[in-house]
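Q: Sequence unavailable; structure follows:
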């Protein structure tokens, strides 16, 4: 799950010019920057990597002196893992984390059942436990390999948006003040966002009362032992305790509890955490020892979403755009998915491949995603502290629910964000043939179907995952190979010919009947966005719909 909020940003090694002698430093390189990303946390770094992979010149700045060494957020869920894998860092993160296989649910001194993971069809189906500071370090290293380094000790103090550029002021560690500009600026610097404030965008919502989170890393001495890949949830009246394994050994303990003393703000001691864990888990003999890097935290939260995530050439992402209590542990993940959504759209607009209204679809899709999370997390009774009567009623239902495979699968898909959809949005056109219900709808994540791509091969073609054929650098037009006759392919190529962004036409053969059902009706095509969501579903016999969709993207936007 997740702890407190993070900041996000990037930098690109801009050369210095001399100061003007008045404490104001005019640095060369503004004309060589396409996007300034403010904040070098997971979201800002993800955005910068996506932009660099798409050929944009990025400057990333952060007021902190260096990447953080705090533990903070912990879990990467399946969809965020897929997004980071598409940007080339999936294997690196996996090697530095530990996958969570199963979670045992406890209440009243007994195990109620087990919640298993990995039900989804994905190469990254299981949640990955990895400390936020390790995520940031690894993303910084990847960004440096792409030619961009974070500028630390560089604080944005002012932003002004014009029709063709964003001007911003930076204060550096040595006290010099720099005036700079870039065609675009994106604020990813956390809830106290200067970019959001200067853009005049309200941060709508309210403080969450009656809830505090006490958390820390520790090595427990208890009867449960220490099993990599296994986590625990302990339920008690007015408390919920989550315990998840750390990559380097030990566990992260999250205790969501009521807030009897809101004036208490100091970080907890290891003794306070021990007493809270021992009482909640009913383990009076429990002992907690410190981890190699000690970390203890007490936090309270607000549920807030920016009124819009775009103001002209200024945009918001991550906690600058939305923030809520870490129930469910999705704050960092939603921010990463937002950066994955934004980078390809910003690159397309900047390169003249799409109209500027495409950026409004980022704002609409990401705001709706955040609002839905805030609503849903208010009903996450597995983690929210419940009063005694609610606790008894909820825990009575848990064993039966966990015994059902359908419940396990649906919950796993929901937790992994693989069932999240942009259906109904301006970028999702659903025009299938009549009476066709199978396959993903426009706005859905394209499923990772097992397919083959060489139906005419003399030997049996090897199966492959569809996601390995998609790419963040292009759109993909997916259709059944059985319907991909020469005339059909020529018509589709002609429909895509005037679209300035690259489109790969992918005729594929489902591996079996079940995979064919997941891919969709053979008479339909699916145009998949660079971020893996279906943009258009249309009959193969109506290529004009494909032309209309691509034309709308190119000119005014959808």
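A: It's in. Note that this is a predicted model, so its numbers are computed, not measured.
Q: Got the domain ranges for the protein?
A: Per the record, the chain has its domains at 24-74+131-204+304-377, 212-299, 429-554, by automatic domain parsing.
Q: out of those domains, deepest packed?
A: A comparison of the domains of the chain by mean neighbour count, using mean count of other C-beta atoms under 10 Å, puts domain 24-74+131-204+304-377 on top with a mean of 22. C-beta here means a position set from N, CA and C on the backbone, and glycine is covered the same way.
Q: right, and residue 428 touches residue 445 too?
A: No: here residue 428 lies out of contact with residue 445, judged by C-beta atoms under 8 Å, at a distance of 11.8 Å.
Q: For residue 104, find the nearest of the domains of the chain.
A: Taking C-beta to C-beta, domain 212-299 is the member of those nearest to residue 104, at 5.2 Å.
Q: now the end-to-end length of that closest one.
A: 6 Å (C-alpha to C-alpha, to the nearest Å).
Q: so what sits against both of residue 428 and residue 445?
A: Common contacts of residue 428 and residue 445 (C-beta atoms under 8 Å, 6 or more residues apart in numbering): 533, 534.
Q: Okay, strands next: where are they in the stretch 301-450 of the chain?
A: Applying DSSP state E, counting those that start in this stretch to the stretch 301-450 of the chain gives strands spanning 302-306, 310-311, 314-316, 322-323, 429-430, 450-452.
Q: Mean pLDDT and distance to residue 95 for these - can I get that in CSV?
A: Shown next, in CSV, are the strands of the stretch 301-450 of the chain (pLDDT from 0 to 100; distance: least, C-beta to C-beta, whole Å):
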stretch, mean pLDDT, distance to residue 95
strand 302-306, 95, 35
strand 310-311, 98, 36
strand 314-316, 98, 32
strand 322-323, 96, 30
strand 429-430, 96, 39
strand 450-452, 95, 25
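Q: right, and those - which one's nearest residue 387?
A: Once those are compared by C-beta to C-beta, strand 302-306 is nearest, at 20.6 Å.
Q: which secondary structure elements does that closest one contact?
A: strand 203-207, strand 322-323, helix 357-377 (3 or more C-beta pairs under 8 Å, 6 or more residues apart in numbering; DSSP states H and E).
Q: so which of the ones you listed gets nearest residue 488?
A: helix 357-377 (28.1 Å).
Q: Mind listing residues that contact that closest one?
A: 205, 303, 305-306, 308-310, 315, 317, 321-322, 324-325, 327-328, 330, 334, 337-338, 341-342, 345-346, 348-349, 384, 420, 422, 425-427, 553, 556-558.
Q: and with 7 Å instead?
A: Contact partners of helix 357-377, identified using C-beta atoms under 7 Å, 6 or more residues apart in numbering, comprise 303, 305, 308-310, 315, 321-322, 324-325, 327-328, 330, 334, 338, 341-342, 345-346, 348-349, 420, 422, 425-427, 553, 556-558.
Q: Then stretch 229-236?
A: With contacts defined as C-beta under 7 Å, 6+ apart, stretch 229-236 is touched by 98-107, 224, 241-245, 280-281, 382, 391, 395.
Q: and what of stretch 447-467?
A: Stretch 447-467 has contacts (C-beta under 7 Å, 6+ apart) with 121-123, 440, 446, 481, 508-511, 515, 518-519.
Q: before we move on, back to that, among the contacts of stretch 229-236, which are in helices?
A: Members of these lying in helices (criterion: DSSP state H): 280, 281, 391, 395.
Q: Tell me who's in contact with the second one.
A: By that I understand residue 281. Residue 281 sits next to 106, 234, 241 when contact means C-beta under 7 Å, 6+ apart.
Q: mind checking which helix or strand the second one is in?
A: Yep, that's residue 234 we're talking about. strand 230-236 (DSSP states H and E).
Q: what are the pairing partners of that strand, and which direction each?
A: Using DSSP bridges, strand 230-236 pairs in its sheet with strand 102-107 (parallel), strand 239-245 (antiparallel).
Q: Which of these sits closest to residue 183?
A: strand 239-245 (41.6 Å).
Q: Check which element follows the closest one along the chain.
A: Counting by DSSP H and E, the next helix or strand C-terminal to strand 239-245 is strand 251-257.
Q: what pairs with that next one, and is each one parallel or antiparallel?
A: Assessed with DSSP bridges, strand 251-257 is paired to strand 212-221 (antiparallel), strand 239-245 (antiparallel).
Q: what about the spatially closest residue to residue 304 that is not a sequence neighbour, how many neighbours?
A: Among residues not flanking residue 304 along the chain, residue 205 sits closest, at 3.3 Å (C-beta to C-beta, 6 or more residues apart in numbering). Residue 205 is flanked by 17 other residues according to other C-beta atoms under 10 Å.
Q: mind checking pLDDT for residue 205?
A: Turning to residue 205, the model gives it a pLDDT of 94.
Q: ditto for residue 301
A: 89.
Q: right, and it touches residue 327 too?
A: No: the criterion here is C-beta atoms under 7 Å, and residue 301 misses it with residue 327 at 8.9 Å.
Q: about what we covered before: looking at the contacts of stretch 447-467, spot the one nearest residue 49.
A: Nearest to residue 49 among the contacts of stretch 447-467: residue 123, at 19.1 Å, using C-beta to C-beta.
Q: List the contacts of that closest one.
A: 448, 465, 467.
Q: Now do stretch 292-300: distance from first to last residue.
A: Termini of stretch 292-300 sit 26 Å apart (C-alpha to C-alpha).
Q: Next: stretch 96-104.
A: 24 Å.
Q: How about stretch 289-301?
A: 28 Å.
Q: contacts for it?
A: 3-4, 69-71, 208, 211-219, 248, 250, 259, 265, 267-268, 270, 273, 324-325.
Q: And that stretch, how far out from the chain middle?
A: On the basis of C-alpha atoms, centre = their mean, to the nearest Å, stretch 289-301 is displaced by 24 Å from the centre of the chain it belongs to.
Q: for stretch 97-108, same thing?
A: Computed by C-alpha atoms, centre = their mean, the separation of stretch 97-108 from the middle of its chain amounts to 22 Å.
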